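Student: Predicted model follows, preceded by the sequence.
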Amino acid sequence: MSLHTKTIAQLSQGLSSGEFSSVELTQYYLDRINASDLNAFITVTDELAMNQAQAADDKIAKGDGNILTGIPYAHKDIFCTNGVKTSAGSKILDNFISPYDATVSHKLNQADLVMLGKANMDEFAMGSSNENSYYGDVKNPWNINKIPGGSSGGSAAAVAGRLAPFATGTDTGGSIRQPSSLCGITGLKPTYGRVSRYGMIAYASSLDQAGPMTQTAEDAALVLNVMAGFDEKDSTSTERDVEDYTASLNDSIKGLTIGLPKEFFSEGLDDEVASQVMAAVKEFEAMGATVKEVSLPNSAYAIPTYYIVAPCECSSNLSRLDGVRYGYRCEDPKDLEDLYLRSRTEGFGEEVKRRIMIGAYALSAGYYDAYYLKAQKTRHLISEDFKKAFKDVDVIMGPVSPTTAFDLGSVKDPVSMYLADIYTLSANLAGLPGMSIPAGFAQNLPVGLQLIGNYWSEAKLLNIAHQFQQQTDWHTKAPQEL
Amino acid sequence: MEWETVIGLEIHAQLNTKSKIFSAAATRFGAEPNSQACAVDLGLPGVLPVLNREVVSKAIKFGLAVDAHINQRNVFDRKNYFYPDLPKGYQISQLDWPIVGEGKIEITLGDKTKVIGVTRAHLEEDAGKSIHDLYDDFTAVDLNRAGTPLLEIVSDPDMRSAKEAVAYAKKIHALVQYLEICDGNMQEGSFRCDANVSIRPMGQEKLGTRAELKNINSFKFLERAINLEVERQQDILEEGGKVAQETRLYDAVKHETRSMRSKEEANDYRYFPDPDLLPVEISDELMTKIRQELPELPQEKKARFISEFGLSKYDADVLTSQKPMADYFEKMITNNSNHAKLCANWIMGELSASLNKYQLELMDAPIIADDLSLLVSRIGDDTISGKIAKDVFKAMWDGEGSADEIIEAKGLKQMTDTSAIEAIVDEIIANNTPQVEQFKSGNEKILGFFVGQAMKATQGKANPKLLNEMLRAKLG
């Protein structure tokens, strides 16, 4: 049986036709996870998964199932899951069993999906290599000496390593798209406000957005159908109907206008990555699209802007992790200050502490205007650039990451690490939807093509991606040893 | 040197919503510790605040009542600091864009009125409570109060004495109760005052260094704490010292203030707009609706009491100074509209005196408005005299029954039987010849003697009007 090569759409058929049961499918994946050394999971929820699979099979038998009933998945450990450890990759939440479900968790449960476990991630979603997890590095299935990308590195490795048909991810500055690119899978970050943030442990509230990580665009559409929607528990979610994202997958993309921002093809971009990206764009031209150069002049400020906004918000968001009510508490605190100081010093990792410090500094009296306010203004300018560009083009394309996956442990300087996010940050700052789809290989490692769409254009992006995947087979490639 | 006192008040009024400002948990006072704290109030990872729109309407009501500018777009900010009873490590408040902008309110002190500026009023969530004396080695935290909606009302530094500060605080206290946006209960902490106090040489424009007084939970303590602080600052300045900018805690038991933290120790709160909440947008429709639904405010009620019931300015002012009292009065006169003045007198006289004596709030008075109204009716319809009514009142206060029951049981009904009174009057006139002579020679005052004698003989039950007429006729 080689169930692991199948997409959600194919598995769904197999389940409903009785070719295999969800219990068999789930056990199959649990076995693969147990045999894997990618370290893609923080917690494997065997028992819960088998119970959910059994319940799904019962529903299918009664004819009560939906298209996703009984499909297993890996859930990023940033989503609260009732009764299951939810650590966000941090020591400070190592003992935290969430007493409630995130809205996304709830929706996935309602759709009869089967949670295999909680996927590894950079601590509190801070990182681009998944080397910032308290639970150890995640390995890239294409080369176990390489990083899988981050922060949804466990999710990407799980899907690329075929340890789960799909995974959830979150993207604050590229955390779905970049690991999707480096692991050769399809990842979608929806428009800010499309998916509820309730119960998703906050890194940077104004940037965080959850989305699906899958083998194909069609699968991403199926999963987004479940994840998306207004939530009255999240004031920043948008009261807007959810369309059926599968409905327009097969629409023709003839006449599509693609914008290529010149700023995305500048210094620092690996030549081989660039040529793979351009080859993909050529493919689109062959499919009837036209290409235009556009300019996003302020995207040069995306990195400094992001690395002020995100740390400012996280410095406040992570204040609740104080050792008082839940989570890690240091031993024998001698007074309140000692309790705060040592619990947080011992509980948080280096990168998290660095960003808390940056944020606290940028928000402090006398610096607020120079940093936070200025960053907000720049953020507005970056959004305006996109607004202008989308007057002329339907979609913006470019690389996701300037390089392919680098060696584990090779990037030690945090600023060099931050530079890896150069092409993904703008979409978050502007709140736009973005995707990464497999577009070939360089140095025997996957290269992703980034698509950035206008607000609420998820259906269009999925349509474009799906059409590309009808003409190419990059998305079907799996690491050799599998 | 002559000093001038400058006072500004920060009042925290708890808005009386059923649920919290950013969560669905209940706000009831006195519940089992931590029984009214949901995931949002506990600050669990991943939870998000959702604004309770009720608080917006209540804040607008207040703003309109103090003639303030309402910011129809206002913003929630995070005020960051660590404390065990602050679960998220920040308080959601409003800094640069409060819901209520500049307004004003008039206070009355004796026969003088003065306008006090309201700088702003903003919405925020309350913190929980730290209980330090419950366990030897631990501090207990009760998060029931965490997330309770507060309207922080900040005044301009317009008050020049503790008395003015109290008058202003009382005025705001009455107003929030009139508006029915706060229960005003100071013991339970639903209405709290912090006072910013400074002094300066009389005539100097520049403000002196201020101290902020906290932990004041009654108007009496507000006055005491301010006076105490003014004395303290005078002593320092007159000895050539400098007042430190600091927060001071008032201790009502020891009657002293002590330093809580200095300006240098103050937190840098690192305020920034809360990214979990969108700016609040208030529609013109909502503004219009709230404006139309605004209840009668103290000033309007006062004017109506004067014009409709012919009360004096003073009486109307006293009766409208507290909503419960105005309500009590209005209830009394529903059945007694032609005895408005009498109703007012009884509230401001016997009732207030008794409340004072037993240290009770009006709402806890053993005599409700309808019952006192009945008593006043019995004076009005000549069943009993005003003097006897005081005894009946006392019996009612002691729970002996309704006015009618007591009058009946004690046989206090006035004698209106003319022949019986006449017999008594004749007897008194016959037995007191010298006094009769005095009256006849023009001493009108001696009439009181006869009334007194007659009242004594009838145990006060003779109808005074009837008695007077009869005496005059017989003596004349």
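Tutor: Right, received. Where do you want to start? Numbering: from 1, shown residues only, chains lettered A, B, ... in the order given.
Student: ok, the residue in the stretch 1-150 of chain A that chain B sits nearest to to A:F96 distance?
Tutor: With C-beta to the nearest C-beta, the shortest gap between the stretch 1-150 of chain A and chain B falls at A:C80, namely 4.7 Å. Just so you know, the C-beta spots here come from the backbone N, C-alpha and C atoms, and that holds for glycine as well. According to C-beta to C-beta, to the nearest Å, A:C80 stands 9 Å off from A:F96.
Student: quick one, which of the two is more surrounded?
Tutor: Each of A:C80 and A:F96 has its neighbours counted (other C-beta atoms under 10 Å in any protein chain shown); A:C80 has more, 28 against 20.
Student: residue contacts, the more buried one?
Tutor: A:T86, A:S98, A:Y100, A:D101, A:A102, A:S105, A:G199, A:M200, A:I201, B:L44, B:P45, B:G46 (C-beta atoms under 8 Å, 6 or more residues apart in numbering or on different chains).
Student: Could you report the pLDDT at the residue of the stretch 201-350 of chain A found nearest chain B?
Tutor: Nearest residue of the stretch 201-350 of chain A to chain B (C-beta to the nearest C-beta) works out as A:S319 at 2.4 Å. A:S319 is assigned 98 on the pLDDT scale.
Student: Whichever residue of the stretch 1-150 of chain B sits closest to chain A: neighbour count?
Tutor: Closest residue of the stretch 1-150 of chain B to chain A, C-beta to the nearest C-beta: B:G89 (2.4 Å). For B:G89, the neighbour count with other C-beta under 10 Å is 21.
Student: Also A:A370?
Tutor: A:A370 - counted by other C-beta under 10 Å - has 11 other residues nearby.
Student: Against chain B, how distant is it?
Tutor: Using C-beta to the nearest C-beta, to the nearest Å, A:A370 is found at 14 Å from chain B.
Student: is it true that the residue of the stretch 201-350 of chain A closest to chain B touches B:F82?
Tutor: Yes - using C-beta atoms under 8 Å, A:S319 makes contact with B:F82 at a distance of 6.7 Å.
Student: what touches both of those two?
Tutor: In contact with both A:S319 and B:F82: B:G89, using C-beta under 8 Å, 6+ apart.
Student: Quick check: residues of the stretch 1-150 of chain B near chain A?
Tutor: Counting by C-beta under 8 Å from any C-beta of the partner chain, the residues of the stretch 1-150 of chain B lying close to chain A are B:39, B:42-51, B:78, B:80, B:82, B:84, B:87-90, B:141.
Student: Just to be sure, which of the residues you listed are found in strands?
Tutor: Using DSSP state E, the members of the residues of the stretch 1-150 of chain B next to chain A that fall within strands are B:R78, B:N80, B:Y90, B:V141.
Student: would you turn the residues you listed into a markdown table with pLDDT and distance to B:P201?
Tutor: Below are these laid out as a markdown table (pLDDT from 0 to 100; distance: C-beta to C-beta, whole Å):
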| residue | pLDDT | distance to B:P201 |
| --- | --- | --- |
| B:R78 | 98 | 41 |
| B:N80 | 97 | 39 |
| B:Y90 | 98 | 41 |
| B:V141 | 95 | 46 |
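Student: SS state for B:I116?
Tutor: With DSSP: H, G, I helix; E, B strand; the rest coil as the basis, B:I116 sits in strand.
Student: Against A:L429, how distant is it?
Tutor: B:I116 is 46 Å from A:L429, by C-beta to C-beta.
Student: now swap in A:T69 and tell me
Tutor: Using C-beta to C-beta, A:T69 is found at 38 Å from A:L429.
Student: out of these two, which sits in the more crowded spot?
Tutor: A:L429 (27 against 21).
Student: Okay, now stretch B:70-81: how far is its last residue from its first?
Tutor: In stretch B:70-81, first residue to last residue: 29 Å (C-alpha to C-alpha, to the nearest Å).
Student: My error: substitute stretch B:407-418 in the last question.
Tutor: When the termini of stretch B:407-418 are compared using C-alpha to C-alpha, they are 20 Å apart.
Student: Stretch B:244-254 now?
Tutor: One end of stretch B:244-254 to the other measures 22 Å (C-alpha to C-alpha).
Student: Not counting its own residues, what contacts it?
Tutor: With contact meaning C-beta under 8 Å, 6+ apart, stretch B:244-254 is reached by B:209-218, B:221, B:224-225, B:228-229, B:256-263, B:266.
Student: Got a PyMOL select line for the buried ones in those residues?
Tutor: For the buried members of the contacts of stretch B:244-254, the matching PyMOL selection, counting by 16 or more other C-beta atoms under 10 Å in any protein chain shown, is:
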select buried, chain B and resi 209+210+211+212+213+214+215+216+217+218+221+224+225+228+229+257
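Student: In strands, which of the contacts of stretch B:244-254 appear?
Tutor: Members of the contacts of stretch B:244-254 lying in strands (criterion: DSSP E): B:211-216, B:256-262.
Student: Tell me the one of these nearest chain A?
Tutor: Within the ones in strands among the contacts of stretch B:244-254, the smallest distance to chain A is 14.2 Å, found for B:R261 (C-beta to the nearest C-beta).
Student: Could you pull up the residues touching that closest one?
Tutor: B:E246, B:T247.
Student: which residues does it bridge with?
Tutor: Beta bridges link B:R261 to B:T247 when assigned by DSSP bridges.
Student: quick one: it and B:A211, what's the gap?
Tutor: B:R261 is 11 Å from B:A211, where distance means C-beta to C-beta.
Student: Need phi/psi at B:F305.
Tutor: Per-residue torsions, B:F305: phi -60, psi -40 (degrees, to the nearest 10).
Student: wait, doesn't it sit right on B:Y314?
Tutor: No - judged on C-beta under 8 Å, B:F305 makes no contact with B:Y314 at a distance of 11.1 Å.
Student: neighbour-wise, which of the two wins?
Tutor: B:F305 (24 against 11).
Student: Grab the nearest non-local neighbour of that one.
Tutor: Spatial nearest neighbour of B:F305, excluding adjacent residues (C-beta to C-beta, 6 or more residues apart in numbering or on different chains): B:A316 at 4.0 Å.
Student: mind checking how far the helix or strand containing that neighbour is from the chain centre?
Tutor: Element membership of B:A316, judged by DSSP states H and E, is helix B:313-320. Taking C-alpha atoms, centre = their mean, to the nearest Å, one finds the center of helix B:313-320 at 14 Å from the center of the full chain.
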